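# Need coordinates for the below:
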Amino acid sequence: MSRQAIFADNAPKAIGPYSHAIIAHGFVYCSGQTPIDPATGDLVQGDIKAQAHQVMKNLQTVLTAAGTDFEHVVKTNIFLNSMSDFAGVNEVYGSYFKGSYPARSTVGGLQLPKGALVEIEMVAMLPVPLTYEADEEQQ
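This next block holds a predicted model:
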């Protein structure tokens with residue numbers, strides 16, 4: 001079984017022992033992104049919409065580094081500090097997808113890293129599945 005760690009140069013640096021994403025069996029598993037500005041390393045100032053936009057931009061950077069995009073996202077998990085921010089996050093989140101939306105779970109009432117209001121993680125397909133050495137040996 002093969003897997004590849006992804007580190008996106010233009011995404012916020014990891015604040016723990018984890019990769020931005022892992023590619024395995026044609027899927028990209030993105031770690032949760034918070035609204036950290038990659039240029040400063042600081043939490044974006046502003047309301048839930050400003051924070052949600054930064055999270056989505058960070059995820060877009062990671063997806064691009066892995067060779068995929070929002071069109072290929074199949075599952076997301078949204079973590080909120082407060083469920084009162086649900087509508088604002090929904091508005092921003094929905095604007096990044098065209099056509100059908102991925103499957104999704106949302107959980108609220110959480111304490112998130114650095115005092116963030118929102119964190120989102122994603123699973124996406126690769127546009128063209130990778131061929132693994134094990135697959136080639138079987139042919």
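# Worst mean pLDDT across the helices and strands of the chain, which element?
Of all helical and strand segments in the chain, the minimum by mean pLDDT, DSSP states H and E falls on helix 133-138, at a mean of 49.
# Tell me which residues are up against the lengthiest helix in the chain.
Longest helix of the chain, by residue count under DSSP state H: helix 48-66. With contacts defined as Cβ atoms under 8 Å, 6 or more residues apart in numbering, helix 48-66 is touched by 6-12, 20-21, 23, 28, 30-31, 33-38, 43-44, 69-70, 72-73, 85, 88-89, 91-93, 96, 116-120, 122, 124, 126. Bear in mind the C-beta positions are built from the backbone N, C-alpha and C, glycine included.
# any idea of the mean pLDDT for the next helix or strand after that helix?
Next helix or strand after helix 48-66 toward the C-terminus (DSSP states H and E): strand 73-80. Average pLDDT, strand 73-80: 98.
# packing partners for whatever helix or strand comes next after strand 73-80?
Downstream of strand 73-80, the first helix or strand assigned by DSSP H and E is helix 86-94. When contacts are defined as 3 or more Cβ pairs under 8 Å, 6 or more residues apart in numbering; DSSP states H and E, helix 86-94 sits against helix 48-66, strand 73-80.
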